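Asker: Make a model of this:
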Amino acid sequence: MTGQPTVEQLAAFHPTSARDYAALRTAQPGYRDWLDHVRAAAACTRPIRLAGDLFTVHGTGEGSAQVVAQTGTEHMPDGTIYKACGNRRASVCPACARTYQRDAYQILRTMLVGGKGVTPAVAGHPSVFATFTAPSFGTVHTRHVQRHTCTNRKRCACRPDPCHARRAGSTPGLCPHGNPAVCWARHEPADPLLGKPLCLDCYDHDHHVVWNVFSGELWRRTSIAATRHLVTLCRRRGIPFHVVHSEAGKPRHIPPVRLCYGKAAEYQARGAVHFHALIRLDGVDPFDPKAAVPPPDGLTAADLHDAITAAVRQAAFTSPEHPDRPGGWPISWGEQLDIRPITLSGHGEITDGMVAGYLAKYATKSTEVTGHRSTRLFADTIDLYADPDGDHNARLIDACWRLGRPTHIPQTLATRPRPARPGRPAWQPWTCPDCDTRTRLAVCPTCTEACQPEVDTKPVNHRQPNPYARLRRAAHMLGFGGHFLTKARHHRVTFTLLRNNRIIHRRTETAGPAQPIRTAEHLTEETTLIVGVLTFAGVGWHNTGDAMLANTSAAMARARREAAREELAHEVGASRTLGVAA
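Answerer: Have a look, this model is predicted:
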């Protein structure tokens with residue numbers, strides 16, 4: 001067979017590999033149209049497919065609208081519209097995670113240098129980079145280098161200290177369970193033993209997962225305590241408060257200082273989360289809550305350092321009672337607290353670009369460093385990962401599922417006794433209170449399998465919900481159910497703002513600068529809108545050949561953009577050099 005094969009010829013070979021599917025796609029006459037159709041999600045690993053109708057609506061500006069055209073997705077390539085999944089995890093979709101990482105970088109960098117609606121004056125505000133760690137739940141294998149001589153910590157080859165060496169006679173060499181309590185090994189950075197307990201029975205897995213689930217509450221209390229410390233400091237130094245009068249004429253005193261932060265969560269090798277936070281000291285504008293104004297005179301980065309240190313010592317509490325531990329578990333920060341000032345000159349130990357890039361990088365990671373990776377776990381899949389006698393991760397997942405059980409239901413549906421029927425035979429039918437099924441069995445045949453997962457994961461008494469029920473929902477995350485990147489609410493730049501700007505840019509690029517962008521909010525103007533009525537049709541590409549062609553096209557487009565960006569940066573740098581020389 002010579003020349004370009006036809007679709008019929010390729011179909012006769014029953015393609016089974018990605019190369020065959022790609023050849024079949026490229027041989028079709030509408031290949032270019034298909035490539036342009038999937039461009040928005042070409043780099044995505046598992047795009048979302050949508051099906052439905054697109055309506056072209058013409059609005060007169062007087063409150064009335066008329067449908068002038070209707071197009072169904074069945075007339076489009078593949079009969080669907082492709083949309084990028086938008087997943088933040090680099091292990092799931094690297095392309096979407098890269099977009100998320102760049103948006104996170106922009107959000108965090110505007111906290112330090114301004115831009116995108118934030119005044120550049122924030123560059124003069126005191127700011128620090130703080131790292132908050134979890135306490136110890138047991139001895140684990142570590143790699144500690146007392147003095148680094150390397151230039152790149154990612155490729156560190158420095159000689160570490162022994163893991164957990166103890167002098168002879170100071171402590172016994174065995175733990176209460178008979179396992180070695182010492183480790184003389186000098187672990188390499190890629191050693192799988194790092195983060196694993198020396199003794200699994202000595203390690204407090206219950207306290208570990210409880211700390212993970214309440215770490216968000218601990219951070220909230222820490223930020224409040226740090227703000228209160230600064231407010232008290234303002235009172236001592238005589239810094240005046242803002243006075244705002246309500247509609248009734250009553251005065252209200254507003255503190256003159258607050259914190260603006262961006263926080264990223266990172267998993268340690270042992271499975272506990274610790275937080276990296278960019279914290280900036282701001283003033284308060286009583287008439288514009290989102291304005292970033294300079295802090296009062298007299299407050300410096302040293303005061304911010306002292307406020308965070310004092311808040312870490314104060315923000316400690318006890319978790320709610322649990323049947324396995326009536327007194328609860330203590331929730332507090334670990335002993336390691338690192339607070340470093342941020343320099344904006346580009347020269348220093350911690351710079352603005354380093355902080356923003358560091359936090360944005362960890363916003364796309366998950367539990368990969370612990371060796372565990374899974375989606376959300378349910379009653380039918382928990383046995384694949386949880387094991388009370390298994391390894392470290394299996395015991396953490398088992399602790400999440402065990403502690404997160406419904407505390408008001410000690411039995412499963414299958415072992416519940418049948419409702420009592422005084423004076424009636426045991427074989428007499430009864431009505432299930434959940435689904436109204438009539439049965440003579442001891443358990444309802446309809447609800448036993450259908451309702452058990454819901455009973456295992458949802459609280460029974462909604463008036464008094466179980467505070468530990470979140471552990472089962474976050475069992476695949478080892479108990480941590482919070483978001484990996486959070487920020488202060490009054491910071492103007494958000495993910496929604498950046499995504500909307502990106503949508504407007506794409507529409508302008510498609511429609512051209514001569515045609516203005518209109519949204520559904522312009523009801524008083526005469527405009528034409530495209531309204532989509534779409535439903536979910538599936539996830540992922542139809543076959544591996546389509547995925548290969550789409551990803552290759554997206555990779556080539558990225559390479560062209562990177563080359564153009566480098567060329568533009570070279571031209572700008574050359575013009576500046578010529579200007580200085582002239």
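Asker: Please name the residues that touch the spatially most central residue of the chain.
Answerer: By Cα atoms, centre = their mean, the mean C-alpha position of the chain lies nearest to residue 484, the distance being 3.5 Å. Neighbour list for residue 484: 88, 264, 265, 362, 363, 365, 366 [criterion: Cβ atoms under 8 Å, 6 or more residues apart in numbering]. Every residue, glycine included, has its C-beta placed from N, CA and C.
Asker: separation between it and residue 210?
Answerer: Going from residue 484 to residue 210 by Cβ to Cβ, to the nearest Å gives 20 Å.
Asker: if we can go back for a sec, turn the contacts of residue 484 into CSV, columns for secondary structure, distance to residue 258 and pLDDT.
Answerer: Output for these, formatted as CSV (DSSP: H, G, I helix; E, B strand; the rest coil; distance: Cβ to Cβ, whole Å; pLDDT from 0 to 100):
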residue, secondary structure, distance to residue 258, pLDDT
88, coil, 28, 89
264, strand, 21, 93
265, strand, 22, 94
362, helix, 25, 84
363, coil, 23, 85
365, coil, 30, 86
366, coil, 31, 86
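Asker: Make TSV from these and add neighbour count and distance to residue 45 to it.
Answerer: As requested, these are exported to TSV (neighbours: other Cβ atoms under 10 Å; distance: Cβ to Cβ, whole Å):
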residue	neighbour count	distance to residue 45
88	22	13
264	24	23
265	26	23
362	18	21
363	27	18
365	19	16
366	20	15
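Asker: what's the next secondary structure element after the least confident helix or strand in the chain by mean pLDDT?
Answerer: None of the helices or strands of the chain scores lower by mean pLDDT, DSSP states H and E than helix 7-12, at a mean of 50. Going down the chain from helix 7-12, the next helix or strand is helix 18-26, by DSSP states H and E.
Asker: Would you mark the buried spots in that following helix?
Answerer: 20, 21, 22, 23, 24, 25, 26 (16 or more other Cβ atoms under 10 Å).
Asker: how far is that helix from where the chain is centred?
Answerer: Its chain's C-alpha centre and that of helix 18-26 lie 36 Å apart, by Cα atoms, centre = their mean, to the nearest Å.
Asker: How many residues are close by residue 233?
Answerer: Residues near residue 233, counting by other Cβ atoms under 10 Å, number 18.
Asker: What is the helix ranked longest in the chain packed up against?
Answerer: In the chain, taking DSSP state H as the definition, the longest helix is helix 544-581. Contacts defined by 3 or more Cβ pairs under 8 Å, 6 or more residues apart in numbering; DSSP states H and E place helix 544-581 against helix 18-26, helix 31-37.
Asker: could I get the ones you listed as TSV with mean pLDDT and distance to residue 494?
Answerer: Converted to TSV, the helices and strands packed on helix 544-581 look like this (pLDDT from 0 to 100; distance: least, Cβ to Cβ, whole Å):
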stretch	mean pLDDT	distance to residue 494
helix 18-26	75	39
helix 31-37	85	30
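Asker: which one of those lies closest to residue 355?
Answerer: With Cβ to Cβ as the measure, helix 31-37 is the member of those nearest residue 355 (39.4 Å).
Asker: Surely residue 255 and residue 233 touch.
Answerer: No: when contacts are counted by Cβ atoms under 8 Å, residue 255 is not listed as touching residue 233 (10.5 Å).
Asker: to the chain's geometric centre, what's the distance from the strand or helix carrying residue 108?
Answerer: Taking DSSP H and E as the criterion, residue 108 maps to helix 94-113. Distance of helix 94-113 from the chain centroid (Cα atoms, centre = their mean) equals 13 Å.
Asker: Compute the inter-axis angle for it and helix 544-581.
Answerer: 30 degrees (axes from the mean of the first three to the mean of the last three Cα atoms, to 10 degrees).
Asker: who touches the helix or strand following helix 94-113?
Answerer: Scanning forward in sequence from helix 94-113 by DSSP H and E, the next helix or strand is strand 127-132. Under the criterion Cβ under 8 Å, 6+ apart, residues 111-112, 219, 222, 274-281, 301, 304-305, 308, 312, 333-334, 336-342, 350, 355 lie in contact with strand 127-132.
Asker: And stretch 353-371, by the same measure?
Answerer: By Cβ under 8 Å, 6+ apart, stretch 353-371 touches 88-91, 97-98, 100-102, 104-105, 108-109, 112, 129, 192, 195, 262-271, 276, 278, 342, 346, 373, 393, 476-478, 484-485.
Asker: try 6 Å this time
Answerer: Residues outside stretch 353-371 that contact it (Cβ atoms under 6 Å, 6 or more residues apart in numbering): 88-91, 97, 100-101, 104-105, 108-109, 129, 264, 266-267, 269, 271, 276, 278, 342, 484-485.
Asker: Flag every buried residue along it.
Answerer: 355, 356, 358, 359, 360, 362, 363, 364, 365, 366, 367, 370.
Asker: This completes my enquiry, with thanks.
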